[in-house]
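K.L.:
sequence plus predicted model, see below.
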Amino acid sequence: MEVTDANLQLLAGYLQQTLSADPNVRRPAEKLLEATELQQNYPVLLLNLIDKSQMDMTTSIAGAIAFKNYVKRNWAAHEDTDGPDRIHESDRNTIKSLIVTLMLHSPVPLQKQLSEAVSIIGKHDFPKKWPQMIDEMVQRFDSGDFNEINGVLQTAHSLFKRYRFEFKSQALWEEIKFVLDRMAKPLTDLLQATMQLTKVHENNMEALKVIYGSLVLVNKVFFSLNSQDLPEFFEDNMNIWMGAFIQQLAVNVPALSRDDDDDPGVLEFLRSQVCENICLYAKKYDEEFKPFMEQFVTAVWELLVKTSLNTKNDSLVSNALQFITVVAERKNYQGIFENPEILARICEKVVIPNLDIRPSDEELFEDSPEEYIRRDIEGSDVDTRRRAACDLVKSLSLNYEQKIFGIFSQYLEILLAKYKENPAANWRSKDTAIYLVTSWASRGGTKKHGITQTSDLVPLPEFCATQIIPELERPNINEIPVLKAAAIKYIMVFRSILGPQVLANCLPQLIRHLPAESIVVHSYAACSVEKILAMRDASNGIVFGPQVLAPHVNSLISGLFATLEMPGASENEFVMKAIMRSFFVLQGASMPFMGVALPRLTEILTQVAKNPSRPHFNHYLFETLALSIKIVCQADASAVSSFEEALFPVFQGILQQDIVEFMPYVFQMLSVLLEVREGSGSIPEPYWALFPCLLSPALWDRTGNVTPLIRLICAFVKQGAAQIQAMGKLNGILGIFQKMIASKANDHEGFYLLQNLLSYYPAAEMQSSMRQIFGLLFQRLSLSKTPKYISGIIVFFCFYVIKADGSHLAKLIDEIQPNMFGMLLERIFITDLQKVIKELDRKMVAVGVTKLLTETPEMVLPQYAQFWPRLLHALIDMFEHPLESLKGIEGAEIVGGVAEDPDAGYQVAFAQLTHAQPKQQDHLAEITDARQFLVNALSKYSQKRPGELTNLLGPLEQDYKQILQKYCDQAGVRIV
């Protein structure tokens, strides 16, 4: 693809079509661009289009977004698969030579997208493959052009912010040092020069806005560069930075204050970032920060007292409160907080005002309920005043419990008395009281269990009985919804503390609130019901089983489905999750409701498939469908045809319309349906009509499809191998295996597919392809030897030994290259047997290695006999090192046991449905003790070939002979 005006116009036309609201125009354009992007010069053409000043801004922004997404998809794709580079080397070099300059002179909307692209490239190439980038950026600090300077700072912020959360490593230290050597001094000089410019331009508001915007970015970069450790340069220049921070906290330019009460202006952003920076220093570099602590405590306190309750100040107040909280936790500064007068002032001036619900919060509750919920119960309210005030209350009540108890008790009495005077007018006081008790009593907890540790001084069940349950018992469920929501949240948060009896009394009240008009109230009610039903006792049994639910089951199920009919609730994830949880708890007792529930769920799926916009709702919808299939088909396996009849038309529509978000779910559901059919006859025709499409390369390019598609293909192989053979589709399946095995991310899927082919596909046709398959396995082994791949290849070869035999394995490998079997034993089996992690895989390896030792004549040939005792040595090592001690091995992610609870929800690439989990197949179910299997096999071998085993065991170390004897004694066998 040449960079010509004609091609630029063509590209611009397709980009404009991708913005169309009509899917018939948009999708073909998206697909065409996707198909074109791997051609040489495509990214260069995009950059040229972005650089064209006469190009329409909307098209340029579409081009910049397309470029950013292209980089995101392709820049590092080859690093995972060891396949060919998707971007031509000349294109890579051209991009890196053009992009920084292009980004810096582009308008702000384009600059933002290009800055992200630079960050993505930098993440993979900087500093080793792109060392000049930092110098090129730092040079711009001297340009005096703040559009350029801010572009550099924005990019630096995007590039370096990963330092805030990455794990420490030598490579990370080296990279940060590389950056600090080149940027620490220029950044400090820029800080000083920019602070000076605030005085020079103090009467030029437009200039000040840009200058203070630069200071915000300087502070963000400072935070990232200081996140891992305190750099020597910044330690030496703390006076400069801390002096600037004090000035920035105190600065007041009324003209820069926005009239808007909701959106923060540049000064709010600046002070907020300063508070974040000093909070970092107070937490991590306490000793070095000590000389500055007192003046910052005073400055932040003064800032908090004079800052208004407007929404625009939320982030600032939140970060300021976090700083005070960190100081309160430090023993060095306990003197500040020991004084009861100071504690009372903190409570009066800071805690209570920031716990109070504000008009803006009430607006959010009414007008943007989803955002209110996201901030309030989903743990996303880290930047809200209430969360920061709650954290301060927790810190104070933890460290000064006795003193704070008296102060908070007084405020609690005042708040509740005020509410009692006039509940309709003073309900906000009770709302504050509930928040105060919640934060005051909480000592620790988890997302799964809620609060699990509390203060002994706060009687939570008594508060629930006197203040919470009466609110829920009021006849009108739509009365004072904010207070209803707070009361329901109290029950949800303290569910592990309140106990089963209290919760059993609350359950009918929660169900009664499902039809509440307020989206927040009925969402909280559904969420609380779900979390209570998910509770487990000490023996991991369900606390509220079908018997407890029986009196409420009609109102629960009908109430949940009725809520989905309410305005604004048709895709409420909390309601759908509660339906799923109710079915899970009820199991067979849910059968009477399935006749109504399943058509309704199918109807919902049909609707959401038209425009998938709520990933969590969609996830729990598919979970509920999968669970329904499981429950109904356990009672009557023939019911699977009813599910197929209802769901197939919807699934076919999703696949035909290429609804990317739903395809991984559809493949999982098809696998579930097909697996239910196992053993009940041949696969129905509609599945076979779909089968050729499943081999389409385009489907396999989407990472989210891979795992569910492999499972689905394996279900076809297991139940319909003869028909696949008749269709001549083995080569297509082997092409998928080849793609999987080349990928570091998906090689385990390739091994899983291969195991299924060896187990169920006609052996004669498979054997003719085995040499080519082994060749691919060894090719990948030589190109990219990861711990996961080594584990996979060892397990597979052992599986092959069990399915065929050891002689076949040895001959096949030696046909590829003479004596290669010996190299495999020495370099892979003997050295890396410990890299096998999963329990069933370890059993497979133990049995496979035992068969190599006792049933493979090649093992005692002169060229391989030396490996016999060493292989036995490695096997005994594997037995003697239990699984728990192997978790530290690189790449040893244990993915065997998946939690029953699907709280993980939606994930970007692939979301495994918990209720559609594939069954773990134990190919060696008849073998329960691999050690016993080993000594029994050795005993048979010694009887068959007397004397030979003694010679083979001769080189074995004495300790290992004793371990072997222990195995023999335990199994009651003798080795002659």
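P.N.:
Looks like it came in fine.
K.L.:
I'd like to know which helix or strand in this protein has the lowest mean pLDDT.
P.N.:
Every helix and strand of the chain was ranked by mean pLDDT, DSSP states H and E. The lowest is helix 77-81, at a mean of 68.
K.L.:
next up, phi/psi of the nearest residue to residue 667 once chain neighbours are set aside, please.
P.N.:
The shortest distance from residue 667 to any non-neighbouring residue, by Cβ to Cβ, 6 or more residues apart in numbering, is to residue 708 (3.6 Å). From N, CA and C alone the C-beta is placed, and that goes for glycine too. With angles defined as degrees, to the nearest 10, residue 708 sits at phi -70, psi -30.
K.L.:
my read: residue 708 touches residue 674, true?
P.N.:
No - checked against Cβ atoms under 8 Å, the pair residue 708 and residue 674 is beyond contact range at 11.8 Å.
K.L.:
any common contacting residues for the two?
P.N.:
Residues touching both residue 708 and residue 674 (Cβ atoms under 8 Å, 6 or more residues apart in numbering): none.
K.L.:
pLDDT of the strand or helix carrying residue 291, averaged?
P.N.:
Assigned by DSSP states H and E, residue 291 belongs to helix 286-306. Computed over helix 286-306, the mean pLDDT rounds to 89.
K.L.:
which residues touch that helix?
P.N.:
Residues contacting helix 286-306 (Cβ under 8 Å, 6+ apart): 230, 235, 238, 242, 245-246, 249-250, 271, 275, 278, 281-282, 316-317, 320-321, 323-324, 327, 330, 332-333, 336, 349-350.
K.L.:
what does stretch 575-593 give?
P.N.:
With Cβ under 8 Å, 6+ apart, stretch 575-593 has contacts from 514, 522-523, 526-527, 529-530, 533-534, 542, 544-546, 549-550, 553, 556-557, 560-561, 563-564, 569, 597, 616-617, 620-621, 623-624, 627-628, 631-632, 634-635, 902, 915.
K.L.:
again, 7 Å this time
P.N.:
With Cβ atoms under 7 Å, 6 or more residues apart in numbering as the test, stretch 575-593 has contacts from 526, 529-530, 533-534, 542, 544-546, 549, 553, 556-557, 560, 563-564, 569, 617, 620-621, 623-624, 627-628, 631-632, 635.
K.L.:
same question for stretch 337-355.
P.N.:
Around stretch 337-355, the neighbours that count as contacts under Cβ under 7 Å, 6+ apart are 304-305, 309, 317, 321, 328, 336, 385-386, 389, 392-393, 396, 400, 403-404, 407-408, 411, 432, 435-436.
K.L.:
can I get the CA coordinates of stretch 574-587 in CSV?
P.N.:
Once non-C-alpha atoms are left out, stretch 574-587 reads as follows in CSV (Å, rounded to 0.1, in the frame of the first residue of the first chain):
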residue,chain,number,x,y,z
PHE,A,574,-27.6,-7.0,40.4
VAL,A,575,-31.0,-8.4,39.7
MET,A,576,-29.7,-10.9,37.1
LYS,A,577,-27.0,-12.0,39.5
ALA,A,578,-29.6,-12.5,42.2
ILE,A,579,-31.7,-14.6,39.8
MET,A,580,-28.6,-16.7,39.1
ARG,A,581,-27.8,-17.1,42.8
SER,A,582,-31.4,-18.0,43.7
PHE,A,583,-31.5,-20.7,41.1
PHE,A,584,-28.1,-22.0,42.4
VAL,A,585,-29.3,-22.2,46.0
LEU,A,586,-32.7,-23.7,45.0
GLN,A,587,-31.3,-26.2,42.5
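K.L.:
can you pull the buried residues of it?
P.N.:
Judged by neighbour count (16 or more other Cβ atoms under 10 Å), stretch 574-587 contains these buried residues: 574-587.
K.L.:
average pLDDT for it?
P.N.:
96.
K.L.:
if we can go back for a sec, for the helix holding residue 291, C-alpha coordinates in PDB please.
P.N.:
Output of helix 286-306 as PDB, limited to C-alpha atoms (Å, rounded to 0.1, in the frame of the first residue of the first chain):
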ATOM      1  CA  ASP A 286       8.400   9.100  56.500                       C
ATOM      2  CA  GLU A 287      11.900   9.700  57.800                       C
ATOM      3  CA  GLU A 288      13.000  12.000  54.900                       C
ATOM      4  CA  PHE A 289       9.600  13.800  54.900                       C
ATOM      5  CA  LYS A 290       9.600  14.400  58.700                       C
ATOM      6  CA  PRO A 291      11.000  17.900  58.600                       C
ATOM      7  CA  PHE A 292       8.200  19.000  56.300                       C
ATOM      8  CA  MET A 293       5.300  17.100  58.000                       C
ATOM      9  CA  GLU A 294       4.100  19.800  60.400                       C
ATOM     10  CA  GLN A 295       3.800  22.600  57.900                       C
ATOM     11  CA  PHE A 296       2.000  20.300  55.500                       C
ATOM     12  CA  VAL A 297      -0.400  19.100  58.200                       C
ATOM     13  CA  THR A 298      -1.200  22.800  58.900                       C
ATOM     14  CA  ALA A 299      -1.500  23.700  55.200                       C
ATOM     15  CA  VAL A 300      -3.800  20.700  54.500                       C
ATOM     16  CA  TRP A 301      -5.900  21.300  57.600                       C
ATOM     17  CA  GLU A 302      -6.500  24.900  56.600                       C
ATOM     18  CA  LEU A 303      -7.300  23.800  53.000                       C
ATOM     19  CA  LEU A 304      -9.900  21.300  54.300                       C
ATOM     20  CA  VAL A 305     -11.600  23.800  56.600                       C
ATOM     21  CA  LYS A 306     -12.000  26.500  53.900                       C
END
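K.L.:
return the list of helices and strands in contact with the helix or strand that it is followed by.
P.N.:
For helix 286-306, the succeeding helix or strand toward the C-terminus, using DSSP H and E, is helix 314-329. Under the contact criterion of 3 or more Cβ pairs under 7 Å, 6 or more residues apart in numbering; DSSP states H and E, helix 314-329 touches helix 266-284, helix 286-306, helix 385-399.
K.L.:
then the very next helix or strand once past helix 314-329 to CSV, C-alphas only?
P.N.:
From helix 314-329 onward toward the C-terminus, using DSSP H and E, the following helix or strand is helix 334-338. Output in CSV follows, covering the C-alpha atoms of helix 334-338 (Å, rounded to 0.1, in the frame of the first residue of the first chain):
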residue,chain,number,x,y,z
GLN,A,334,0.1,10.7,67.8
GLY,A,335,0.7,13.8,69.9
ILE,A,336,-1.3,15.9,67.4
PHE,A,337,-4.3,13.6,67.8
GLU,A,338,-4.1,12.8,71.5
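K.L.:
give the buried residues for helix 334-338.
P.N.:
Under 16+ other Cβ under 10 Å, the buried positions of helix 334-338 are 336-337.
K.L.:
would you map the strands across the protein?
P.N.:
Counting by DSSP state E, the chain has strands at residues 442-446, 450-454.
K.L.:
and those strands: which comes nearest residue 862?
P.N.:
strand 442-446 (60.7 Å; Cβ to Cβ).
K.L.:
now tell me what touches that closest one from outside.
P.N.:
Under Cβ under 7 Å, 6+ apart, the answer for strand 442-446 is 394, 398, 451-455.
K.L.:
and the residue nearest to residue 734 when sequence neighbours are not counted, how many neighbours?
P.N.:
When the adjacent residues along the chain are set aside, residue 734 lies closest to residue 769, with 6.2 Å between them (Cβ to Cβ, 6+ apart). Counted with other Cβ atoms under 10 Å, the neighbours of residue 769 add up to 15.
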